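Colleague: Could you work out the structure for the sequence below:
(2 chains)
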Amino acid sequence: MLYTVVMNRNRDFQLCYRKGVCIPSRLVVMYARPNRLPYDRLGITAGKKIGGAVVRSRARRLIRQAWRENECDAPIGLDLVIVARHALPEAGADKLSRYLRKEGIPALRKAFGGDRSCSERS
RNA sequence: GUGAGCAGACGAUGCGGUCGCAUGAACGCUUUAUGUUUAUGAGGAAAGUCCGGGCAUCACAGAGCAGGAUAGCUGCUAACGGCAGCCGAGGGCGACCUUAGGGCAAGUGCAACAGAAAAGAAACUGCCGCAGGCUAUGCUGCGGCGAUGGUGGAAUGGUGAGGUAAGAGCUCACCGGAGUGCAGGAGACUGCACUGCCGUGUAAACCCUAUCCGAUGCAACGCUUCAUGGUGCCGACCGUCUUAACGCUUGCUCGGCGGACGGUUCCGGCAAGAGCGGCUAAAGCAGCAUGGCGACGUGCUGCAUAGAUAAAUGACCGCACACGACAGAACCCGGCUUAUUGUCUGGUCACAGCC
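Modeller: Okay, here's the model as predicted:
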């Protein structure tokens, strides 16, 4: 992921859950809040609820790839947590990517008014 | 050919193309960041965490208890609760399979319902003899007998014969069990002979016997470094109390060590953050030779390449095939157990057919 850093502290996750904007859907749930940094931070949650280790790894990979394909259109300066739901592993990669492009990212832009984006910056 | 049974291999992908990730190496760059190229990149169970070990730290002044594990024998192994071979018991026509397989002749407990009686032996019922009275087998009394008594998982060994007033291991034969002796075996055990006539089941009930076990697990543990905050511990000072308390020492006891408690203040150190190490070559695998029935040992040769840390192995397209089951490394090994689409290989057994 070119313009995004991995979020790896439990405190950041908790902040996102409590104070962030929640954007639910059938495949994933996104929590986001501004972080006042010049880049985005992405965290992925795939809980035991959706299946065993194989299923959870697959969900993580799908989310990471879909975000990589669409991160250029997202607003800058967000802490973002994407939570996988149990329908995700069977759905496939292109479905999630299409969802982010058509609905997820526009919702983020609407919530945080992001005119700036990576594509414009670079 | 049909049907069984055993052992084993593979187990999900491969090739081409586009995008992408982690680690190592090389190159470029003043260093970092980053870039380019290249190599490598989940399993037979990686799982459950059920055993055993390595490794690490703690305690080391030890002893005992408690607790836990194992339970036929001999071996293999670093070790094991694992494995191999054998013995006993059970199942199968057979190949073969199953087996928590010490001790109720140390003690305690339990044995519902049924049944006369469930562990102390007797009572009850019954059989037989004698006596009494009565019309009378019946009834009453005394004595003998021992297991006949619808049960029950289990009834004082079983079956048959003799014996007797009636009976009884009372006697005999066979069987079961016990003890002793002899023979065989490394041993579990097996065979034979003799004695003798023997009180059930349950130890996956307490318990007893034998053997083994210190505790905690890589978030162990070691190193480096910064800032903040005054949280915990150690040191310093003051006060109080006293030889018994208190604290530490593996869960407890003995034993051992330390005087103990409270308050104050400031200085120094440690831990909590971050980074690095631990972190992958290991009692390893394959082939050949050799010893052994086998587990396995020995020698030689060759191969040795995942090491992430919010956690890398992915997505899409085309072709091929078994049309992709169960399923994802987290310190490392040896086992066990559980999950699993299927494909293939090699012996073996029974039945049928042919020669």
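Colleague: so who does residue A:105 touch?
Modeller: A:70, A:73, A:74 (C-beta atoms under 8 Å, 6 or more residues apart in numbering). For the C-beta atoms, the positions are set from N, CA and C on the backbone; glycine is no exception.
Colleague: what separates the longest helix along chain A from the chain centre, distance-wise?
Modeller: Counting by DSSP state H, the longest helix found in chain A is helix A:53-70. The chain centroid and the centroid of helix A:53-70 are separated by 10 Å under C-alpha atoms, centre = their mean, to the nearest Å.
Colleague: Let's verify the residue nearest the centre of chain A: helix, strand, or coil?
Modeller: Nearest to the mean C-alpha position of chain A, counting by C-alpha atoms, centre = their mean, stands residue A:82 at 4.2 Å. Classification of residue A:82 using DSSP: H, G, I helix; E, B strand; the rest coil returns strand.
Colleague: tell me the pLDDT at it?
Modeller: Residue A:82 is assigned 84 on the pLDDT scale.
Colleague: sorry, back to before: who wins on neighbours among the contacts of residue A:105?
Modeller: Greatest neighbour count in the contacts of residue A:105, by other C-beta atoms under 10 Å, goes to residue A:74: 24 neighbours.
Colleague: Could you report the distance from that one to residue A:90?
Modeller: 25 Å (C-beta to C-beta, to the nearest Å).
Colleague: Next to RNA strand B, which bits of chain A? Give me the list.
Modeller: Proximity of chain A to RNA strand B (C-beta under 7 Å from any atom of the strand) is limited to residues A:6-10, A:13, A:43-45, A:52-54, A:57-58, A:60-62, A:64-65, A:68, A:92-94.
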